[in-house]
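*Asks:* Dropping the sequence and predicted coords here.
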Amino acid sequence: MSLILCAHAANAAPQASQPTFMERLTSAEQPLQVTGTALSGPGEAVLSSAVNKARYVLIGEDHLSREIPRFTTALCQMMAPQGLQALAVEIGPEAARIVNDNLRRPDRIDRLSRYMAAHPDAIAFQNGRDESDMAAACARSAGPAFSVWGLDQEFFGAAGSLFEAMIAAKPGPIAKAAIEGLMAQDRVDTAAALVSGSPNQLLIYSMTDAQVAQTRAAIVQDGGPRVRQLFDGLAETRAIFLASATGEGDPNGQRARLMKRTLAGYFAAKPTNTGRILFKFGDNHMGKGFSALGQRDLGNFVAERAEGEGTASLHMVVLGGRGVHAFYNGVGRQARQEPFVMSDDKDYAWAGDVLASRPKSASAEDWLVVDLRKLRDGPSGDMTVQWRELIRRYDIVVMAPGLTPSVLVGTR
């Protein structure tokens with residue numbers, strides 16, 4: 001009888017309370033000191049341990065800041081000793097050729113400025129001063145075999161530069177005449193777009209389906225493979241931007257599939273290379289599983305590739321708690337600036353939890369590193385749906401206390 005009572009008493013003993021989600025979040029968070037491109041503090045230890053285990057490191061970012069490129073430069077320096085092959089970014093392959101041609105030149109910014117002035121909106125993001133400095137710094141850290149990979153469609157002002165590349169490839173007379181006809185139209189359209197600031201006046205939008213079909217037919221006759229490649233890239237760029245502007249079709253899906261094919265092409269060009277790749281794209285593109293846009297995007301493709309290789313990928317989302325954003329402001333124009341508080345955006349309400357759970361040891365200037373991998377196991381009853389999705393898509397959150405806007409080069 002006494003044994004039964006003792007057993008009953010033991011079973012009735014109060015259970016230890018489970019930690020709340022906010023308590024678990026606090027335990028997963030570490031301060032990070034960022035000085036220039038040098039990382040230090042407890043957060044650096046979390047990052048270096050994770051980065052050193054991954055062949056592919058993916059940054060899902062908030063675009064056109066000064067701070068995130070410096071953080072990315074620090075990751076380049078971290079990855080370089082084990083062989084950093086490339087920095088893959090959100091520009092087209094032809095834009096990447098321009099970036100790589102200037103990457104190691106001492107007059108890089110002057111050359112890029114002249115190119116952008118001559119070809120307004122031909123390149124996105126890498127026309128930012130801080131983005132260009134970041135790519136050059138990564139090249140210095142990684143060595144001569146390093147290059148920038150452009151995986152996206154070309155930007156909507158790229159038609160003129162693509163036509164110039166087609167003519168440089170020496171097409172036959174039939175293709176050349178068709179290309180020169182579109183070049184003349186592009187010059188008129190670009191001049192008008194520079195006056196109004198509206199990208200809708202650029203050739204990428206004004207060119208008709210009939211013109212695309214006629215030019216393609218001419219290029220098939222005597223354009224040659226390089227000209228066909230360039231024109232196909234222009235046509236797909238046009239299709240994506242038109243679908244996005246009209247709301248018809250599947251521009252996000254088409255874009256995701258294009259980026260995957262382009263990445264596969266880079267890998268196929270060097271099939272025996274096992275170098276490391278650092279990716280830097282908007283945060284909708286770098287997560288695992290389905291993105292907020294409903295796509296199995298580039299980040300998921302890389303995660304699956306890593307598993308198939310028996311290697312690893314690391315997926316980080318890097319944002320700022322508040323600051324000033326840089327936004328597109330019109331053809332050939334300097335970016336406009338707009339203050340923001342990240343947690344005010346309903347899609348990033350989780351950022352408020354990160355700031356609320358800030359470690360007591362963190363100063364106001366410290367960045368924050370949240371190891372999302374620690375939140376995947378254990379009690380989750382009070383975890384929001386937004387957090388559940390975040391920890392499936394990403395492995396680590398890095399949050400700067402504030403972001404300041406980058407400056408575009410070659411603007412008018």
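*Replies:* Thanks, I have it. Just so it is clear, the structure is predicted and the values come from calculations on it, not from any experiment. Numbering: from 1, shown residues only.

*Asks:* which residues touch the closest residue in space to residue 173 that isn't next to it in sequence?
*Replies:* Spatially, and ignoring its direct neighbours in sequence, residue 173 is nearest to residue 222 (7.0 Å; C-beta to C-beta, 6 or more residues apart in numbering). Any C-beta I mention is one placed from the backbone N, CA and C, and that applies to glycine too. By C-beta atoms under 8 Å, 6 or more residues apart in numbering, residue 222 lies in contact with 171, 172, 173, 174, 175.

*Asks:* again, only using 6 Å
*Replies:* 172, 174, 175 (C-beta atoms under 6 Å, 6 or more residues apart in numbering).

*Asks:* what do you get for residue 402?
*Replies:* With C-beta under 6 Å, 6+ apart, residue 402 has these contacts: 320, 322, 323.

*Asks:* Could you rerun that using 10 Å?
*Replies:* Going by C-beta atoms under 10 Å, 6 or more residues apart in numbering, residue 402 touches 65, 67, 320, 321, 322, 323, 324, 340, 342, 364, 365.

*Asks:* For the longest helix belonging to the chain, which helices and strands make contact with it?
*Replies:* Counting residues, the longest helix in the chain under DSSP state H turns out to be helix 173-196. In this structure, helix 173-196 packs against helix 159-168, helix 203-206, helix 209-222, helix 225-246, with contacts taken as 3 or more C-beta pairs under 10 Å, 6 or more residues apart in numbering; DSSP states H and E.

*Asks:* The ones you listed into TSV, with extra columns for mean pLDDT?
*Replies:* Formatted as TSV, those follow (pLDDT from 0 to 100):
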stretch	mean pLDDT
helix 159-168	98
helix 203-206	97
helix 209-222	97
helix 225-246	97
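
*Asks:* Please dump those helices into TSV; it should also carry distance to residue 402 for every row.
*Replies:* Below are the helices and strands packed on helix 173-196 laid out as TSV (distance: least, C-beta to C-beta, whole Å):
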stretch	distance to residue 402
helix 159-168	35
helix 203-206	35
helix 209-222	45
helix 225-246	31
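
*Asks:* can you tell which of those is closest to residue 277?
*Replies:* Set against residue 277 and scored by C-beta to C-beta, the helices and strands packed on helix 173-196 come closest in helix 225-246, at 21.6 Å.

*Asks:* Would you confirm that residue 39 contacts residue 47?
*Replies:* Yes: counting by C-beta atoms under 10 Å, residue 39 touches residue 47, with 6.7 Å between them.

*Asks:* what is in contact with those two at once?
*Replies:* By C-beta under 10 Å, 6+ apart, residue 39 and residue 47 have these common neighbours: 32, 71, 74, 75, 78, 369, 398.

*Asks:* Show only the entries of those residues found in helices.
*Replies:* 71, 74, 75, 78.

*Asks:* Burial check on the third one, number of neighbours?
*Replies:* This points to residue 75. 26 (other C-beta atoms under 10 Å).

*Asks:* how near is it to residue 63?
*Replies:* According to C-beta to C-beta, to the nearest Å, residue 75 and residue 63 sit 17 Å apart.

*Asks:* Over to the first one?
*Replies:* To residue 63, residue 71 is 14 Å away according to C-beta to C-beta.

*Asks:* anything in contact with each of these two?
*Replies:* Counting by C-beta under 10 Å, 6+ apart, the residues touching both residue 71 and residue 63 are residue 280.

*Asks:* was I right about residue 115 contacting residue 409?
*Replies:* Yes: the criterion here is C-beta under 10 Å, and residue 115 meets it with residue 409 at 9.0 Å.

*Asks:* Which one's more surrounded, the two?
*Replies:* residue 409 (23 against 19).

*Asks:* Next one, pLDDT for that one please.
*Replies:* Looking at residue 409, its pLDDT reads 97.

*Asks:* again with the one 3 residues further on
*Replies:* You'll see residue 412 listed with a pLDDT of 85.

*Asks:* Report the secondary structure state of the spatially closest residue to it that is not a sequence neighbour.
*Replies:* Nearest in space to residue 412, with sequence neighbours left out and distances taken as C-beta to C-beta, 6+ apart, is residue 332 at 4.6 Å. Three-state assignment for residue 332 (DSSP: H, G, I helix; E, B strand; the rest coil): coil.

*Asks:* Could you report the separation of residue 332 from residue 199?
*Replies:* Distance from residue 332 to residue 199, by C-beta to C-beta: 10 Å.

*Asks:* Report the set of residues contacting both of these two.
*Replies:* Shared contacts of residue 332 and residue 199, counting by C-beta under 10 Å, 6+ apart, come down to 120, 121, 157, 193.

*Asks:* Nothing else from me, thank you.
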